[in-house]
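[1] Sequence and predicted structure below; questions after.
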Amino acid sequence: MTKPKVASDWLAGCAGCHMSFLDMDERILELLKLVELRATPITDLKEPDEEGVDVGILEGGISNTYNIEVAEKMRSRCKILVALGDCAVFGGVPAMRNFAGADEALQRAYVEAESNDASGMVPNDPELSTAVHVAPVSDYVKVDIALPGCAPSADAIFEVLASLAQGKIPEVKGELNDWH
């Protein structure tokens, strides 16, 4: 039996969910018996290099056009997509920007910030991503499993991945940060 391929990426957020993933410590070796890690914080590959990834994990909310492209690419390459963490599930901390609006947030960051060493102008380079209303991943692509938490515990992440590796769709319920 071939091991399912797992890939992950992060969007707007703090990367705390990936740190929780790494908190599995030696249990990561147990997980490696069940899955093949492709693009992950462990392999340092930035995106799945091929189609046919069995499980894709996206951490973080959608906050710009590049995040949308990453989510669409991950969805197209993965059989099952997991939204990992509060930011990916409901917008989380990055969504606080929605109260001020993207234009106001950029104005404050680039023009009004006291520590600003730049020209005092909001960058207007067509190569840069355009800020959008921060939203959960599911607002842009189909999500198969939503694993909330800020950050979800290593136990919760392990349980979800172990279930998926065994061909089972985990039932996500309750406070997943309390899983032991």
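    Happy to help now that I have it.

[2] Model confidence at the residue most central in space within the chain, what's the number?
    The centroid of the chain falls nearest to Glu59 when counting by C-alpha atoms, centre = their mean (1.3 Å). With respect to pLDDT, Glu59 scores 88.

[3] So it sits against Ala88, correct?
    Yes. With contact defined as C-beta atoms under 8 Å, Glu59 reaches Ala88; the gap is 5.6 Å. Yep, even glycine has a C-beta here, placed from its N, CA and C like the rest.

[4] what do these two both touch?
    11, 13, 17 (C-beta atoms under 8 Å, 6 or more residues apart in numbering).

[5] tell me the contacts of the nearest residue to the second one once chain neighbours are set aside?
    Here the nearest residue to Gly13 in space, its sequence neighbours aside, is Gly60; by C-beta to C-beta, 6 or more residues apart in numbering that works out to 3.3 Å. Residues counted as contacts of Gly60 (C-beta under 8 Å, 6+ apart) are 10-13, 15, 17, 67, 85, 87-88, 94.

[6] Helix or strand: which one has Ser20?
    helix 16-22 (DSSP states H and E).
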